[in-house]
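Student: Sequence and predicted model, in that order:
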Amino acid sequence: MNSISKKGLLAVSSLTMLLALGACDRFGGTAVGERAADRTGQAARTAADETKSMGAAGVQKIDDATITSKVNAALAADKDLSAVKIDVDTKDGVVTLSGPAPTAEAASKATQLAKDVKGVTSVNNKLTVKAG
């Protein structure tokens, strides 16, 4: 094989390799690096959404605990209800009152005090009227 043929073959081989390598960097009209960046961006958005969801769930639990504390404080501040042990439970903003109440009026007042607390969506009054 003469030197011109070797040089021509080397040139054609080199050009073929360059074209093949250039084609490897493209797939479906999108560069490999661009696809990886898109996937990374999507993964970051998904992780952010999941973190927000988890944060919202945590906020709900904190809000329920805060509501329970505020309802307990309102009941303790009331002269008719401060001596009575009323159990307060909160789930998703719904307050459940249980235990004894000295009068029907006191039970009704406990419901109103709970409803007046910010974040309360409804009140389940399960208080039983027990005189004495």
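Tutor: That came through, no problem.
Student: Which of the helices and strands in the chain ranks last by mean pLDDT?
Tutor: In the chain, no helix or strand scores lower on mean pLDDT, DSSP states H and E than strand 26-27, which sits at a mean of 54.
Student: What segments of the protein are helices?
Tutor: 3-24, 32-77, 104-115 (DSSP state H).
Student: Could you tell me the least trusted of the ones you listed?
Tutor: Set side by side, the helices of the chain give their lowest mean pLDDT on helix 3-24, at a mean of 64.
Student: who's in contact with Ser98?
Tutor: By Cβ atoms under 8 Å, 6 or more residues apart in numbering, the contact list for Ser98 reads 86-87, 89, 126-127. Bear in mind the C-beta positions are built from the backbone N, C-alpha and C, glycine included.
Student: In ChimeraX, select just the buried ones from these.
Tutor: This is how ChimeraX selects the buried members of the contacts of Ser98, with burial counted by 16 or more other Cβ atoms under 10 Å:
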select :86,127
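Student: Pipe the contacts of Ser98 into JSON lines and attach pLDDT and distance to Pro102 per row.
Tutor: Shown next, in JSON lines, are these (pLDDT from 0 to 100; distance: Cβ to Cβ, whole Å):
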{"residue": "Ile86", "pLDDT": "90", "distance to Pro102": "11"}
{"residue": "Asp87", "pLDDT": "93", "distance to Pro102": "15"}
{"residue": "Asp89", "pLDDT": "94", "distance to Pro102": "21"}
{"residue": "Lys126", "pLDDT": "95", "distance to Pro102": "16"}
{"residue": "Leu127", "pLDDT": "92", "distance to Pro102": "10"}
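Student: I'd say Val120 and Val71 touch.
Tutor: Yes - in terms of Cβ atoms under 8 Å, Val120 counts as a neighbour of Val71; the distance is 7.4 Å.
Student: anything in contact with each of those two?
Tutor: Listed as contacting both Val120 and Val71 by Cβ under 8 Å, 6+ apart are 90, 95, 114.
Student: so the first one bridges to which residues?
Tutor: Assessed by DSSP bridges, Thr90 has beta-bridge partners Val95.
Student: Run a quick neighbour tally on it.
Tutor: 24 (other Cβ atoms under 10 Å).
Student: Fine, thanks again, bye for now.
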